[in-house]
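K.L.:
From the sequence below, what's the structure:
(one chain, ligands or ions: 1)
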Amino acid sequence: MAIWGKTLLSLLSLPLLWLFLWAIKVYIEWHKIKKMADVIKEHSLDDIITAIESIGETTSTASLLIPIAQKSRELKYMITLPDHLEAPWSGKTIQFTPSGNLNVSMVDQQGLQIGNTVFQEIRIPRITLRSGRQQNMWSTARYIKNSDTLRNLLSPINPQKQSDALGHIFGASIEVGGGLHWIQNAEYPKCDQCRGKMKFLIQTEGILFPKSVDFNIHESTIYIFGCAKKHDPYIQKVIQFS
Ligand SMILES: [Zn+2]
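P.N.:
Numbers count the residues shown, from 1 in each chain. Okay, the predicted model is just below:
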């Protein structure tokens, strides 16, 4: 039994050892790419944004807010909606209260910040399909395919990894208007008063909020909706957990 057992064990452990070494290699490579992407982000974020926005063929209707490298010393929890959203939403500011059950309200201040993370806006390129229909382009792979400038900016990174690197540059981004991705079943809220389907405003990652809000907040995605008729409560949140 002893010899058979040992032989069997060594035969089993070889592939395991190989798998382990392969996983370490993949991890080290990805870590290197992330570091390179961080350097590119720090020096060329404005150029990356300009390159992506210039892919668009028609007026943008959605944005991605991406965290910039520099953190703010002051904590703020507010997102001012971009002016491409129609009335009454453009220029309005959603404020989060990062305690209890994460209250949301509209305030008169301006800001693009959650906690100490400050955001910068990218207008999502909107293109015209062959059918004549217009569509927002959200894919990092397609941005790279469609922009020489972007490929140039990301050129220190292996072309096969540039799309992943761009995803890393975007980080825990906030989607505004248009890009709603439910992580579970769709849960469109209805206005308490007019019973109308509320308009999707923003989608943000729970990881941006302190764990004091909810122990599991970091595993959540937060969606904010509003009633265009401004019925009280003007805006509502839906939280889904992955
Ligand atoms: Zn209403």
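K.L.:
Return the longest strand in the chain, judged by number of residues.
P.N.:
strand 63-80 (DSSP state E).
K.L.:
Buried ones in that strand, by neighbour count?
P.N.:
Across strand 63-80, burial judged by 16 or more other CB atoms under 10 Å covers 63-68, 76-80. All C-beta atoms are positioned from the backbone trio N, CA, C, and that covers glycine.
K.L.:
Equivalent analysis for stretch 202-217, please.
P.N.:
Under 16+ other CB under 10 Å, the buried positions of stretch 202-217 are 202-209, 213-214, 217.
K.L.:
first vs last residue of that stretch, how far apart are they?
P.N.:
17 Å (CA to CA, to the nearest Å).
K.L.:
Provide the contact partners of that stretch at residue level.
P.N.:
77, 79, 81, 94, 96, 98-102, 114-115, 117, 172-177, 179-181, 218-224, 239, 241 (CB atoms under 8 Å, 6 or more residues apart in numbering).
K.L.:
Let's test this: mean pLDDT of it, rounded?
P.N.:
For stretch 202-217, mean pLDDT is 90.
K.L.:
do the same with stretch 75-95
P.N.:
Averaged over stretch 75-95, pLDDT sits at 90.
K.L.:
and that stretch, how far out from the chain's middle?
P.N.:
17 Å (CA atoms, centre = their mean, to the nearest Å).
K.L.:
related to what we said a few turns ago, out of the buried residues of strand 63-80, the closest to Lys34 would be?
P.N.:
Taking CB to CB as the measure, Lys34 lies nearest Pro67 of these, at 14.3 Å.
K.L.:
Now for Ala37: which residues touch it?
P.N.:
Counting by CB under 8 Å, 6+ apart, Ala37 makes contact with 157, 165-166, 168-169.
K.L.:
filter those residues down to the ones near the ion?
P.N.:
Among the contacts of Ala37, proximity to the ion is found for none (CB under 5 Å from the ion).
K.L.:
how close does the most centrally placed residue in the chain sit to Lys161?
P.N.:
The centroid of the chain falls nearest to Ser173 when counting by CA atoms, centre = their mean (2.8 Å). The spacing between Ser173 and Lys161, counted by CB to CB, to the nearest Å, is 19 Å.
K.L.:
I'd guessed Ala124 sits against Ala62; true?
P.N.:
Check again: residue 124 is Ile, not Ala. Yes. Counting by CB atoms under 8 Å, Ile124 does reach Ala62; the two are 4.4 Å apart.
K.L.:
who has more neighbours, those two?
P.N.:
Ile124 (24 against 21; other CB atoms under 10 Å).
K.L.:
Just the buried residues out of the contacts of Ala37, in PyMOL syntax.
P.N.:
Here is the PyMOL command that selects the buried residues among the contacts of Ala37 (16+ other CB under 10 Å):
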select buried, resi 157+165+166+168+169
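K.L.:
Next, format the contacts of Ala37 as a markdown table and append secondary structure and pLDDT.
P.N.:
A markdown table is the format used below for these (DSSP: H, G, I helix; E, B strand; the rest coil; pLDDT from 0 to 100):
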| residue | secondary structure | pLDDT |
| --- | --- | --- |
| Ile157 | coil | 96 |
| Ala165 | helix | 97 |
| Leu166 | helix | 97 |
| His168 | helix | 96 |
| Ile169 | helix | 96 |
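K.L.:
Filter the contacts of stretch 202-217 down to the buried ones, ChimeraX style.
P.N.:
To isolate the buried ones among those in ChimeraX, judged by 16+ other CB under 10 Å, type:
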select :77,79,81,94,96,98,102,114,115,117,173,174,175,176,177,179,218,220,221,222,223,224,239
